[in-house]
Every structure is written in C-alpha cells, then in structure tokens.
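*Asks:* just the structure for this:
(3 chains)
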Amino acid sequence: MSSDNTSDGSFRQRVFQVVAAIPPGRVATYGTVARLAGSPRAARQVGGVLCRLPEGSLLPWHRVINRHGLISLTGDDALRQHTLLQAEGITAGLATPIDLQHCGWSGD
DNA sequence: ACCGTGACCCCAT
DNA sequence: TATGGGGCCACGG
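*Replies:* Numbering: from 1, shown residues only, chains lettered A, B, ... in the order given. Presented below is the predicted three-dimensional model:
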C-alpha cells in the first residue's frame, strides 16, 4: 500500500537492506547505495550509518566504497576493509582503484 | 526544536 | 597533478 516503497521507517534501516543486497565479489559506491535507499544526495549519510554500525553486524559494509573505486576509510579500518574485499576476490581498493565497470553493482 | 558532525561528492584555484 | 572549500542530507546530543 503505498504509492511509494518508503514504508520501512528510518533511512538507516533502508541502508542496511541495500547494503545487505550487494552480492559477494561486487561493490557499490556510497552514492549508489544512497540512491537505492531513496536519497541520491545522501551519500554522506550512508557513510555515517556504516560508521555507527554495531560490531556484531553481519552487514557487508566492506562492499561499500567511494565513487573513485577506493576505500574511504583511513588507518587500520582501511586495511580491515581491504582484507575483507580480498576475501571476496577483490585485490584492489586500498591504493589501486577497483574497476567499477566490472565489479560495480547498481542494484541488478 | 536547534546545532554540530561526518566511512561523500563536485567545483574552483 | 594536488589541495581547499562548499553543498547535501540524516542522526546524535
């Protein structure tokens, strides 16, 4: 019921659902996640939500990168994300940009 | 209800 | 080619 599918509640919950839908071996940019979440201009907020993720979350947050195909985190967190991406078959993102044309996911 | 914050993105110098 | 500043939107205190 609804003319819109925005019946989930908070934007944060929506980001969880979108990120959880990213297939293994693929990555999505913050802008893409924001767009699929219903707010194409809220790319920044997507990072804010992931930053506040609980430690036990099964959400594949590591599959979310910036529009340059690089990891936006810094320090140990960046290395942690890079390691998780390696486990997905992606050996780039830390210093070498990920090929978004090959690994990029747009909600298919 | 107001202000500050931020894992972004875009443009100008 | 690198660096800086501004705009955007949602969330916490």
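*Asks:* what parts of chain A come near DNA strand C?
*Replies:* Residues of chain A lying close to DNA strand C (C-beta under 7 Å from any atom of the strand) are A:10-12, A:39, A:41-42, A:44-45, A:48-49, A:52. (Glycine included, C-beta is placed from N, CA and C.)
*Asks:* could you list which of those residues also contact DNA strand B?
*Replies:* With the criterion set as C-beta under 7 Å from any atom of the strand, the members of the residues of chain A next to DNA strand C near DNA strand B are A:44-45, A:48.
*Asks:* most surrounded residue in the residues you listed?
*Replies:* The most crowded member of these, judged by other C-beta atoms under 10 Å, is residue A:45 (17 neighbours).
*Asks:* that one: what secondary structure?
*Replies:* Three-state call for residue A:45 (DSSP: H, G, I helix; E, B strand; the rest coil): helix.
*Asks:* show me what contacts it?
*Replies:* Taking C-beta atoms under 8 Å, 6 or more residues apart in numbering, we find residue A:45 in contact with A:11, A:15, A:34, A:39.
*Asks:* quick one, helices of chain A?
*Replies:* A:11-20, A:30-37, A:43-51, A:76-87, A:100-103 (DSSP state H).
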